[in-house]
Structure formats: C-alpha cells, structure tokens
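Student: need a structure here:
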Amino acid sequence: MVAAILRSAHSATPDRRLNGVLAAVRRHWLVIARKRYPTLRNDLEDAVQVALAKLVSPEKLSTLRDATRLDAWARSIFVNTVLDLVRDQRRQRRHRLYIGSPADDEPEETLRDLPTREPTPEDTVAYRERLQIVARCVAQSEVAKLKFVDDLPDKEIAARVNLTRDGVAGQLKRIRKGLRSAFGDPE
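Tutor: Residues are numbered from 1 along each chain as shown. Model (predicted):
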C-alpha cells in the first residue's frame with residue numbers, strides 16, 4: 001500500500017497521504033542520520049531531500065521487487081545517498097587549498113606577503129651567469145650541443161658523431177658533472 005502511495009508522486013493526482021508518508025520517512029531518516037553520521041550536521045537535510053527525491057522517482061521505484069521489503073529498500077537508498085555525500089566531502093577536502101595558517105584571521109594579508117613572480121635584478125644576473133657557463137660547456141662539445149640545444153635522442157647523437165650510445169651517455173654524464181660542479185651543486 002505504501003509503495004502505491006509513493007508511485008502516485010509522479011501521477012497527475014498524487015495520493016493525499018503522500019505528504020504524510022514522506023514526512024514520516026523524513027523524520028525516521030533524520031533520527032538514523034543524526035545517530036550514525038553526526039559529523040554531517042547541516043548536510044543531513046540535503047541528504048534526506050536527495051534520498052526522498054530518489055525514493056519517489058519512477059526509476060528507483062521500478063527496482064522495488066518485494067513490497068514487503070519496502071523499509072529495507074528505502075533505508076538502503078538513504079544510506080547510499082549519505083555515503084555518496086560523505087565520499088564527495090572527502091574528495092573536496094583533499095583538493096581544498098587553504099591560504100595561510102588556520103589561525104589567520106586575514107588570508108588577504110598572507111596573499112600580500114607572497115613573493116612576486118618577477119625575478120629580482122640579482123636573480124637575472126645569476127641566471128645570465130649560469131647561462132654563460134652552460135653555453136661555454138656546450139660550445140666545447142658537439143655531443144652537448146646536439147643533446148641540450150638540438151634536443152636529439154642519444155641514439156641519433158651516437159649515429160651523427162660516430163660513437164656508441166654508451167660513449168654518448170658517458171660524455172653527457174661528464175658534462176652534467178662539470179656543470180654541477182660549476183654551479184656549486186655537491187651532487
């Protein structure tokens with residue numbers, strides 16, 4: 001009988017008892033949700049509303065095979081709706097970005113203190129010096145020019161300079177080591 005009342009929701013003349021049935025289901029679901037999912041707080045109402053909409057949808061009602069199991073069927077719709085909400089909240093929390101520390105009252109202040117993206121004059125000078133070092137190293141080696149300027153794979157470089165791939169790899173390793181020492185990198 002309750003299933004027939006729920007099915008009438010999308011008919012031209014819904015059963016007059018439909019609002020009472022939905023209100024009773026809503027109250028029951030809120031009691032369950034407050035006990036089992038207390039962390040959802042304000043989102044419980046949303047979950048209940050979404051589950052009620054699913055409950056009276058013709059697509060969901062067509063999945064009800066045994067009207068005597070209506071309570072369990074309806075409860076599973078509600079629980080799955082809540083679980084979907086919990087999953088969505090977890091995904092959102094993982095991708096959320098906070099500016100400053102949680103104790104900051106003014107995240108705008110944190111934004112003002114962020115460094116600019118433009119390099120300082122000192123950064124520009126240091127960059128040019130590093131570029132000159134790299135240019136000198138590359139000019140001394142055909143292998144380095146083909147690798148770092150022309151961006152060729154090791155196999156093609158080996159064919160052009162008449163070396164084995166291991167020979168090319170060895171030269172590139174020595175060039176990289178020389179560049180690291182020139183830049184003061186200990187590794």
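Student: and residue 22, how many neighbours does it have?
Tutor: The number of residues packed near residue 22 is 16, by other CB atoms under 10 Å. All C-beta spots, glycine's among them, are computed from the backbone N, C-alpha and C.
Student: and what of residue 155?
Tutor: 9.
Student: who does the one helix or strand it maps to touch, helix- and strand-wise?
Tutor: Element membership for residue 155, per DSSP states H and E: helix 154-161. The helices and strands touching helix 154-161, judged by 3 or more CB pairs under 8 Å, 6 or more residues apart in numbering; DSSP states H and E, are helix 142-144, helix 165-182.
Student: Check the ones you listed for me and report the most buried one.
Tutor: Neighbour counts (mean count of other CB atoms under 10 Å) averaged over each of the helices and strands packed on helix 154-161 peak at helix 142-144, with a mean of 20.
Student: Just checking, which helix or strand of the protein averages the lowest pLDDT?
Tutor: Lowest on mean pLDDT, DSSP states H and E among the helices and strands of the chain sits helix 107-112, with a mean of 63.
Student: Residue 157 and residue 180, how far apart?
Tutor: 21 Å (CB to CB, to the nearest Å).
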